[in-house]
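Enquirer: I need the structure of the sequence given here:
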Amino acid sequence: MEDSFNTTSSASTFTLQSSSETMVSIQLLDFRTSLLEALEELRMRRKAETQYEEQIAKIILETQELKWQKEALQNQKEALIKQHKEAMGVLKNQLQMKMYALEEEKGKYKLATEIKEKEIEGLKETLKTLQVSQYSLQKKVSEMEQKAHLYHLAKEDYHKQLNE
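Expert: Modelled structure (predicted):
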């Protein structure tokens, strides 16, 4: 019976040991699974972190390039504004010179016009005087022709009287 007890005890111990080993194996397997999951998650995080770092570096580089482009465009804009101001200044000076020249020419033409108008007025006065003189002369010529005609008639009458 003792043997039977030993066997039973041994079977029971074996079962306990076996059960204990199974539990340890299950726990070990569970630990391994958790460890593998943690490692996989860590690997994925590192990969994502590397990708994020690459993206950040790329964005920083693009940002820097955009800043340089912005500075270049700003400098170009300032140069164009300066050129525009200079060109507008030159154009303004040219226009002012043309305006002064046109004003001077306008003054000359105005003076010439006034002189011509005075000449025209003088010529009109001369024309009126000449017309009055012409009228007077025509009147005198007409009177003289009339006198000559009367003289001629008187002479003819005188010759007729002499002949009679």
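Enquirer: And the helices in the protein, which stretches?
Expert: 2-163 (DSSP state H).
Enquirer: Where does the prediction get shaky in it?
Expert: 1-17 (pLDDT under 70).
Enquirer: make it 80
Expert: Within the chain, the stretches with pLDDT under 80 are 1-18, 164.
Enquirer: ok, Met88 - how many residues close by?
Expert: 10 (other CB atoms under 10 Å). All C-beta atoms are positioned from the backbone trio N, CA, C, and that covers glycine.
Enquirer: gap between it and Tyr100?
Expert: Applying CB to CB, to the nearest Å, the value for Met88 to Tyr100 is 18 Å.
Enquirer: Over to Gln138?
Expert: From Gln138 to Tyr100 the distance is 55 Å (CB to CB).
Enquirer: try Lys106
Expert: Applying CB to CB to Lys106 and Tyr100 gives a distance of 10 Å.
Enquirer: How about Glu21?
Expert: From Glu21 across to Tyr100, the span is 115 Å (CB to CB).
Enquirer: again with Met144
Expert: As judged by CB to CB, Met144 and Tyr100 stand 64 Å apart.
Enquirer: Over to Glu114?
Expert: On the measure of CB to CB, Glu114 and Tyr100 end up 21 Å apart.
Enquirer: same check, this time on His149
Expert: On the measure of CB to CB, His149 and Tyr100 end up 71 Å apart.
Enquirer: again, but for Lys67
Expert: On the measure of CB to CB, Lys67 and Tyr100 end up 49 Å apart.
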